[in-house]
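**Q** Quick one: sequence and predicted model below, then my questions.
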Amino acid sequence: MPVAKQSEIAPAEGRLGVLLVGLGAVSTTFIAGVEAIKKGVAQPIGSLTQMGTVRLGKRTDNRVPLIKDFVPLAQLKDMVFGAWDIFPDSAYDAALNAGVLEKELLGQLKVPLRKIKPMKAVFDQTYVKRLSGTNVKTGKNKFELAQQLIDEIAEWKRKNKCSRLVMIWAASTEIFLKQHAVHKTLDSFEQAMRDNHKAIAPSMIYAYAALKSGIPFANGAPNLTVDIPALMSLADKNKLAICGKDFKTGQTLMKTIIAPGLKSRMLGLHGWYSTNILGNRDGEVLDDPDSFKTKEESKLSVLEYILQPDVYPELYKDFSHVVRINYYPPRGDNKEGWDNIDIFGWLGYPMQIKIDFLCRDSILAAPIVLDLALFLDLAQRAGMKGVQEWLSFYFKSPQTAPGLYPEHDIFIQLMKLKNTLRHLRGEDLITHLGLEYYD
Ligand SMILES: NC(=O)c1ccc[n+]([C@@H]2O[C@H](COP(=O)([O-])OP(=O)(O)OC[C@H]3O[C@@H](n4cnc5c(N)ncnc54)[C@H](O)[C@@H]3O)[C@@H](O)[C@H]2O)c1
């Protein structure tokens with residue numbers, strides 16, 4: 001499918017500052033990884049922006065550049081990192097504490113990691129019950145806290161000599177919140193911040209501060225955060241890219257790989273039972289039922305959207321879907337996820353699939369953070385504003401325009417992402433029709 005015209009994309013000049021809310025397992029694994037890659041002691045495995053290619057033109061054309069050579073992305077050497085956390089530990093100490101990466105590797109990265117000291121967080125224990133910390137801002141109300149963040153961001157940008165910034169929420173999962181009337185417009189949202197309204201969670205205060213400061217924002221947790229009309233309209237107004245929610249790693253990644261395959265062969269599903277044991281701080285936070293509820297909603301929606309029970313009632317009506325997470329400290333970040341999938345085939349004969357995924361959550365999440373930082377910055381330089389649905393590939397609950405159902409099938413998501421890159425560069429979109437080879 002031909003595309004009219006190549007988009008204007010501003011060059012990636014100068015330094016890109018990546019501001020991370022939360023300096024825990026995911027953030028430190030991401031930063032340490034980028035520093036290790038810069039040093040030449042590791043490869044960016046799992047990162048589409050660094051290792052992925054994009055096919056251009058016909059299959060016979062033999063044009064398959066690396067994505068990073070095809071679109072003008074910021075280079076890793078130009079990335080600098082800042083963070084907020086409720087604990088004052090440097091990125092080095094926080095990484096040691098998270099226990100994801102080996103001490104020996106962290107030792108080699110001590111100098112850059114020690115320099116990253118978290119700024120004081122906007123935090124309220126009402127929204128993350130299992131945590132309390134001392135590195136926290138105080139202010140008269142939520143609006144004033146947002147102003148403090150805005151000033152701090154400007155100062156950080158100046159000090160670190162950055163030409164552009166992106167912000168990514170990689171902090172703990174907040175309690176489940178539904179959209180509230182105060183989330184409807186920017187005016188009602190700002191008034192609610194002044195009134196210290198309960199419907200304004202800390203994650204929304206960061207997102208507001210980012211959008212007010214002209215910074216694109218991605219949400220790596222399942223909290224509502226930027227998925228509310230007030231902040232979506234602020235992103236549109238300030239021409240800023242936003243995306244979320246909840247990094248797609250581990251069990252949900254597997255679901256969005258396997259479920260499209262089962263559906264493609266018209267195999268039915270009686271039920272899908274998923275359980276996890278997890279021993280990191282994320283697991284501890286999710287042990288609180290209110291935070292788990294946010295996560296559960298995010299994890300449960302995936303199969304419904306992929307399998308479309310309304311379209312295929314004989315195959316998928318009333319399947320049972322259960323998701324459990326159990327906090328089990330001995331495992332640390334090395335989660336174990338079990339899936340039991342009850343499927344049925346020809347003449348209704350039942351079969352079972354068992355998956356035992358010994359995964360490492362933060363190892364799977366870190367390259368997502370890298371790709372999101374680079375693609376959000378690209379989107380921004382290409383003038384793409386509002387919800388970036390083409391980045392659905394990275395999320396468990398992809399944020400979409402209001403009224404549009406999300407696309408969860410990872411293969412469709414990848415095609416959408418690559419076609420967006422082709423579109424930006426004025427290349428033909430690839431439909432995989434392929435009739436031209438048989439003319
Ligand atoms: N690891 C994964 O594979 C994965 C996948 C999807 C989503 N997530 C989400 O990403 C987030 C981070 O995961 P993690 O494993 O790094 O967790 P973590 O507990 O190791 O790190 C989160 C950090 O955020 C800090 N924090 C909490 N509230 C804050 C606030 N208001 N401001 C600043 N800092 C705050 C905590 O002190 C903690 O250090 C979680 O919400 C998690 O659910 C992780």
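**A** Perfect, I can see it now.
**Q** what kind of secondary structure is the residue nearest to residue 262 when sequence neighbours are not counted in?
**A** Leaving aside its chain neighbours, residue 262 sits nearest to residue 343 (6.2 Å; criterion: CB to CB, 6 or more residues apart in numbering). The C-beta positions use only the backbone N, C-alpha and C, and glycine is treated the same way. At residue 343, secondary structure determined by DSSP: H, G, I helix; E, B strand; the rest coil is strand.
**Q** and what of residue 173?
**A** Secondary structure, three-state DSSP: residue 173 is coil.
**Q** quick check: longest strand of the chain.
**A** strand 268-278 (DSSP state E).
**Q** Which neighbours in the sheet does that one have, and how are they oriented?
**A** strand 320-327 (parallel), strand 336-344 (antiparallel) (DSSP bridges).
**Q** Residue 403 is nearest to which of these?
**A** strand 320-327 (24.2 Å; CB to CB).
**Q** before we move on, back to that, and the strands paired with strand 268-278, which one is worst for confidence?
**A** Across the strands paired with strand 268-278, strand 320-327 has the smallest mean pLDDT, namely a mean of 92.
**Q** still on that earlier bit, need the strands paired with strand 268-278 in TSV with mean neighbour count and distance to residue 433, can you?
**A** Output for the strands paired with strand 268-278, formatted as TSV (neighbours: other CB atoms under 10 Å; distance: least, CB to CB, whole Å):
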stretch	mean neighbour count	distance to residue 433
strand 320-327	16	34
strand 336-344	18	30
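**Q** any low-confidence regions in this protein?
**A** By pLDDT under 70, the weakly predicted segments of the chain are 1-5.
**Q** Write out the residues of it neighbouring the ligand.
**A** Neighbours of the ligand within the chain, by CB under 6 Å from any ligand atom: 21-27, 84-87, 98, 121-123, 128, 131, 133, 170-173, 202, 220-221, 246-247, 249-250, 280-282, 285, 361-362, 364-365.
**Q** Just to be sure, which of these are found in helices?
**A** Among the residues of the chain next to the ligand, DSSP state H puts 25-27, 98, 202, 250, 281-282, 285, 361-362, 364-365 in helices.
**Q** I figured the residue nearest to residue 262 hits residue 352, correct?
**A** Yes. Counting by CB atoms under 8 Å, residue 343 touches residue 352, with 7.2 Å between them.
**Q** Can I take it that residue 416 is in a helix?
**A** Yes. Residue 416: assigned to a helix according to three-state DSSP.
**Q** hmm, back to that, contacting residues around the longest strand of the chain?
**A** For strand 268-278, the surrounding residues in contact (CB atoms under 8 Å, 6 or more residues apart in numbering) are 250-251, 255, 262, 286, 299, 303, 307, 314-316, 319-328, 331, 333, 335-345, 348, 350, 361.
**Q** Between the two ends of stretch 385-400, how far is it?
**A** 13 Å (CA to CA, to the nearest Å).
**Q** what do you get for stretch 50-57?
**A** 21 Å.
**Q** Now do the buried residues in that stretch.
**A** Within stretch 50-57, the residues that count as buried by 16 or more other CB atoms under 10 Å are 50, 52, 54, 56.
**Q** pretty sure the second one is touching residue 66, no?
**A** Same thing as residue 52. Yes. Counting by CB under 8 Å, residue 52 touches residue 66, with 7.2 Å between them.
**Q** mind checking how far residue 197 is from residue 217?
**A** Spatial separation of residue 197 from residue 217 under the definition CB to CB, to the nearest Å is 21 Å.
**Q** my bad, residue 30
**A** 16 Å.
**Q** give me the element residue 92 is part of.
**A** helix 91-98 (DSSP states H and E).
**Q** I misspoke; the intended subject was residue 234.
**A** Per DSSP H and E: helix 229-237 holds residue 234.
**Q** elements contacting the very next helix or strand once past that helix?
**A** Later in the chain than helix 229-237, the nearest helix or strand by DSSP H and E is strand 241-243. In terms of contacts (3 or more CB pairs under 8 Å, 6 or more residues apart in numbering; DSSP states H and E), strand 241-243 is packed against strand 217-219, helix 229-237, helix 361-381, strand 386-387.
**Q** Could you dump those into TSV and include mean neighbour count?
**A** Formatted as TSV, the helices and strands packed on strand 241-243 follow (neighbours: other CB atoms under 10 Å):
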stretch	mean neighbour count
strand 217-219	29
helix 229-237	19
helix 361-381	25
strand 386-387	20
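**Q** thinking again about what came up before, so what sits against both of residue 343 and residue 352?
**A** Joint contacts of residue 343 and residue 352 (CB under 8 Å, 6+ apart) do not exist.
**Q** Residue 254 contacts residue 339, doesn't it?
**A** Yes. At 6.9 Å, residue 254 counts as touching residue 339 under the criterion of CB under 8 Å.
**Q** List the residues that are in contact with both of those two.
**A** By CB under 8 Å, 6+ apart, residue 254 and residue 339 have these common neighbours: 355, 357.
**Q** And the residue of the stretch 1-150 of the chain closest to the ligand?
**A** Nearest residue of the stretch 1-150 of the chain to the ligand, counting by CB to the nearest ligand atom: residue 24, 1.8 Å away.
**Q** Now residue 318: closest residue in space that isn't a chain neighbour?
**A** residue 309 (7.5 Å).
**Q** what about residue 231, distance to residue 146?
**A** Counting by CB to CB - residue 231 and residue 146 are separated by 12 Å.
**Q** what do these two both touch?
**A** residue 208.
**Q** and the gap between the residue sitting furthest away from the middle of the chain and residue 433?
**A** Here the centre of the chain is the reference, and by CA atoms, centre = their mean the most remote residue is residue 439, at 42.9 Å. Note on residue 439: its distance to residue 433, by CB to CB, is 12 Å.
**Q** Which of the buried residues of stretch 50-57 fall in strands?
**A** Using DSSP E, no member of these falls within strands.
**Q** List just the nearest of these to residue 140.
**A** residue 50 (44.3 Å).
**Q** what's the closest non-adjacent residue to the closest one?
**A** Leaving aside its sequence neighbours, residue 50 sits nearest to residue 44 (CB to CB, 6+ apart; 3.6 Å).
**Q** so which strand or helix has that neighbour?
**A** Going by DSSP H and E, residue 44 is not in any helix or strand.
**Q** Tell me how many other residues surround it.
**A** 19 (other CB atoms under 10 Å).
**Q** which ones are touching it?
**A** By CB under 8 Å, 6+ apart, the neighbours of residue 44 are 33, 37, 50-51, 76, 367, 370.
**Q** Repeat that for residue 70.
**A** With contact set as CB under 8 Å, 6+ apart, residue 70 has these partners: 54, 56, 421, 425.
**Q** Now with 6 Å, please.
**A** Neighbour list for residue 70: residue 54 [criterion: CB atoms under 6 Å, 6 or more residues apart in numbering].
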